[in-house]
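# what shape does this take:
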Amino acid sequence: MADTVQACKPIALGRPRGAHRFEGFSPKLARRVMFYRRALLELWLLLEANPKVITFCERPGYVLINEDRHLADFWVRYIDCEEFVVLSELLRVSNVDPSQARPDTGIADVRFVTSAELAAARAWTDNWQRILPYLVANRGFVPATLPPAIMQFVEAPRRLLDIEREFLTSDPVIVRAALFSLLHSGRVSASALQTQPLSLLTSFEALEAIS
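Numbers count the residues shown, from 1 in each chain. Predicted coordinates for the structure are as follows:
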């Protein structure tokens, strides 16, 4: 599997005529990412926000579906496995059977993601669109002592409002960056973000480990 990581880099893709271009910066990859479909942006946000995802790559290579080669949207490595991910829009376009999907290399499984799955996670991905700029813009500015202090404070659920008041001597933007970095790494949870917009009333709670 190590060879897959070393060989995995985005395949260059020309911009389809009339397509929008979506760009972002991935803290997990420490580089920019670019997509030509909104659905791919949302799928990236799901991967970026999942602490069980160690690394990933957009447009990593091809999968075989009904013996035809199709460009996979992502390769993803988790703690204990890896997979290729393809948006199910491909099925409607090509009329293919997902049970017949397999990668060219035979190393990883292939998983299809439906538009319904993305729609169900819309609140979560919208929130992460607001969260990621804090992580990106404040890299290197969060004091090493701040995240452990926040972890201790949120041993019981605490609202964002309370967290910012507790660390009033720090810049609120840096406090949020530290808190969101803990959320990004899976050390803190905020289940309300799955269904509700981020606000000062959003509660955060420390986790002992990623379940």
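
# could you use CA atoms for every contact and neighbour count after this?
OK.

# and the helices in this protein, which stretches?
Read by DSSP state H, the chain holds these helices, from start to end of the chain: 2-7, 38-49, 89-94, 115-120, 122-137, 146-153, 160-166, 172-184.

# give me the residues contacting the last one.
Helix 172-184 is contacted by residues 48-51, 131, 134-135, 138, 141-142, 146-147, 150, 164, 167, 188-190 when judged by CA atoms under 8 Å, 6 or more residues apart in numbering.

# now it and helix 146-153, what's the angle there?
Our comparison of helix 172-184 with helix 146-153, counting by axes from the mean of the first three to the mean of the last three CA atoms, to 10 degrees, yields an angle of 70 degrees.

# got it, and the second one?
Between the axis of helix 38-49 and that of helix 146-153 there is an angle of 80 degrees, by the same axes, to 10 degrees.

# the helices of the chain: lowest mean pLDDT?
If the helices of the chain are sorted by mean pLDDT, helix 2-7 sits at the bottom with a mean of 43.

# that older thread, just the buried residues of the contacts of helix 172-184.
Among the contacts of helix 172-184, those scoring as buried are 48-49, 51, 131, 134-135, 142, 147, 150, 164, 167, 188-190 (criterion: 16 or more other CA atoms under 10 Å).

# tell me which two in those are the farthest apart.
Taking CA to CA, the two most distant members of the buried ones among the contacts of helix 172-184 are E48 and F167; they sit 27.0 Å apart.
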